[in-house]
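Enquirer: fold the following for me, if possible:
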Amino acid sequence: MALAMPDRVPVMCQLALGHYFLHAGLSPFEIWFTSEGFAEALVRLQERYRFDGILVNLPGRPGDIERHVDRIDRGESEDVIHWRNGGSSRLPHDDNAHYSPPPGTPAVPGLEDIDPDALFYIEPWDVTGVGYPFTWDFEQVPRPDVDFFPPYCADTIEAVLRRADDRVSVHSEVFSPFSQWLELVGYEAGPISLLDDPAKVHACLERLTAGAIELARRQVRCGVDAVLISSAFAGAGFISRNHYAEFVLPYERRLAEAIKAEGNVFVYTHTCGAIGDRLNLMIETGTQGIDTLDPPPLGTVELDQAKGFLAGKAFIKGNIDPVNTLLSGTRERLIEDVRWRLEVGKPGGGYILSSACSVAPHVEPERLAMLTDLAEQYGTYE
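Expert: This next block holds a predicted model:
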């Protein structure tokens, strides 16, 4: 992205899915459940906001998804999709879809129920959510490792690459092994499992790392410019520095090394919340960039301090408060906030102007359009 934008600080925000639902001019069903619909939404809003990059953060969908639909109950603020398998999906018009499996489906597995050899990759945004053993969409039997990822998994990436301007940087996403683990066993049971049976957790993380590497390699072969490792649960709100060093760092390091070895792409890491106490550990994973860098009160990272520590080690993306500045702050506060971040971030390069975490669904589009205007006004390199 820096090579494509040599004259100013690049701009690229990750948008909440609800923001696409509200502002892309497509139905939530098209965006969430079809590869072509999501690709179109990504490119439309990239062009509207003049972002310098696009993050493809949903997997491709099967082209025959509608044959699984029994009926759709449409409402003013939410649709409910009833599937032929007996499950259903609530689809708010400003939030992610929520899948409910058919009655009698086994509950979330306990630590004692999981066989590490039955794991390979957990995709939280699959149409039918997370199950164990994991199956894609409405498939009945888990796929073998050698053919684990359905061909359509890459469809959205390929559609974006066809549609987007060549100057736009296209990024893909894989989930950190630790994030996959918490999505599988739950946000409460996951951290507890690190104490209850660390050996078994390590065995599971080994398998989930292998799956993440295979998915990332496939994405690189599609032609993406960068791969984002989504590691949202690795901050101090979930685990300690010591647990980060034991259960996150070695597996993300292997993943990052494999991505860089696959081709000429960048790898960077998304971690939310309180990460100010573990920036040095994040660098040890071999990541080339750190995304979000939530400022107080949402997180613990002040941009000037992070810039001083990370300069020459990793690029920085984020740090604009998505709630108190982008969503609810005044126009004057937004301008002042962005100007300060540009002044701090741009010296020496290595900064991408962005919201810290995802842009909320109800952020006014005009506010996002301002970011590139401000970068062109205050973020140019002399």
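
Enquirer: and the strands in the stretch 201-350 of the chain, which stretches?
Expert: All strands of the stretch 201-350 of the chain, identified by DSSP state E, counting those that start in this stretch, fall at 226-230, 266-271, 289-292, 315-318.

Enquirer: what's the nearest residue to residue 237 if we skip its chain neighbours?
Expert: Among residues not flanking residue 237 along the chain, residue 273 sits closest, at 4.7 Å (CB to CB, 6 or more residues apart in numbering). C-betas here are computed from N, CA, C, even on glycine.

Enquirer: what about that neighbour, how many residues nearby?
Expert: 20 (other CB atoms under 10 Å).

Enquirer: list the contacts of it.
Expert: Residues in contact with residue 273 (CB atoms under 8 Å, 6 or more residues apart in numbering) are 235, 236, 237, 294, 298, 299, 300.

Enquirer: in ChimeraX, select just the buried ones from these.
Expert: One line in ChimeraX is enough to select the buried members of the contacts of residue 273, burial here meaning 16 or more other CB atoms under 10 Å:
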select :235,236,294,298,299,300
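
Enquirer: now, which of the contacts of residue 273 sits nearest residue 185?
Expert: residue 237 (17.4 Å; CB to CB).

Enquirer: how much space separates the closest one from residue 38?
Expert: Plainly put, residue 237 is 29 Å away from residue 38 if you go by CB to CB, to the nearest Å.

Enquirer: mind picking the two most distant members of the contacts of residue 273?
Expert: For these, the farthest-apart pair by CB to CB is 236 and 298; their separation is 12.7 Å.

Enquirer: identify the residues contacting the closest residue to residue 305 other than its chain neighbours.
Expert: Nearest non-adjacent residue to residue 305, counting by CB to CB, 6+ apart: residue 276, 7.6 Å away. Contacts for residue 276 were tallied using CB under 8 Å, 6+ apart; they are 299, 300, 301, 302, 305, 306.

Enquirer: just residue 293 next, same as before
Expert: Counting by CB under 8 Å, 6+ apart, residue 293 makes contact with 275, 299, 301, 303, 306, 316, 317, 318, 319, 356.

Enquirer: now residue 89: which helix or strand?
Expert: Using DSSP states H and E, residue 89 falls within strand 88-92.

Enquirer: and the helix or strand just after that strand, which residues are buried?
Expert: Using DSSP H and E, the helix or strand that follows strand 88-92 in sequence is strand 98-100. Across strand 98-100, burial judged by 16+ other CB under 10 Å covers residue 99.

Enquirer: strand 98-100 packs against which elements?
Expert: strand 88-92 (3 or more CB pairs under 8 Å, 6 or more residues apart in numbering; DSSP states H and E).

Enquirer: may I have the beta-bridge partners of residue 315?
Expert: residue 289 (DSSP bridges).

Enquirer: what is the neighbour count of it?
Expert: Applying other CB under 10 Å, I find that residue 315 has 21 neighbouring residues.

Enquirer: give me the below-cutoff pLDDT ranges for the chain.
Expert: For the chain, applying pLDDT under 70 flags the ranges 1-6.

Enquirer: what do you get if the cut-off is 90, keeping everything else the same?
Expert: Residue ranges of the chain with pLDDT under 90: 1-6, 105-110, 237, 263, 273, 382.

Enquirer: domains in it, as residue ranges please.
Expert: Domain ranges of the chain: 17-65+107-378, 66-105, per automatic domain parsing.

Enquirer: in a markdown table: these, plus distance to residue 10.
Expert: Listed next are these as a markdown table, based on distance: least, CB to CB, whole Å:
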| stretch | distance to residue 10 |
| --- | --- |
| domain 17-65+107-378 | 4 |
| domain 66-105 | 27 |
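
Enquirer: ranking the ones you listed by mean neighbour count, which comes first?
Expert: Of all the domains of the chain, domain 17-65+107-378 has the most neighbours on average by mean count of other CB atoms under 10 Å, namely a mean of 19.
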